[in-house]
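1. okay, predicted coordinates and the sequence, questions at the end:
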Amino acid sequence: MTRDRANFQGRYVMNQPFRGDVSCEAGQAYVSDKRRTLREEAVSLAKLTGWEPRLIERNIRRTVPPSYW
């Protein structure tokens with residue numbers, strides 16, 4: 001416990017991948033970038049929590065369109 005009793009405020013920003021048509025060049029670039037970001041986030045989460053990377057990936061796959069993984 002610390003002596004500091006100041007209020008603390010946290011903020012969460014949750015982003016969901018776009019689910020519309022991504023067949024254009026910009027859409028394909030978005031998918032590629034999102035795919036990379038999801039993998040980086042999975043690796044970070046595994047390092048921070050000690051969770052199995054396979055389980056993290058399985059949960060991500062259930063929540064995003066197949067093209068993003």
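-> Arrived safely.
2. need the helices for the protein, in chain order.
-> 25-49, 53-63 (DSSP state H).
3. can you put those in TSV and add mean neighbour count, mean pLDDT and distance to Asp4?
-> Just so you know, the C-beta spots here come from the backbone N, C-alpha and C atoms, and that holds for glycine as well. Shown next, in TSV, are the helices of the chain (neighbours: other CB atoms under 10 Å; pLDDT from 0 to 100; distance: least, CB to CB, whole Å):
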stretch	mean neighbour count	mean pLDDT	distance to Asp4
helix 25-49	13	93	25
helix 53-63	13	91	34
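4. adding distance to Trp69, write those out as CSV.
-> Formatted as CSV, the helices of the chain follow (distance: least, CB to CB, whole Å):
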stretch, distance to Trp69
helix 25-49, 7
helix 53-63, 5
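5. among the ones you listed, which is nearest Phe18?
-> Among these, the nearest to Phe18 by CB to CB is helix 25-49 (6.7 Å).
6. from the chain's centroid, how far away is the closest one?
-> 6 Å (CA atoms, centre = their mean, to the nearest Å).
7. repeat that for stretch 51-59.
-> On CA atoms, centre = their mean, the centre of stretch 51-59 falls 12 Å from the chain's centre.
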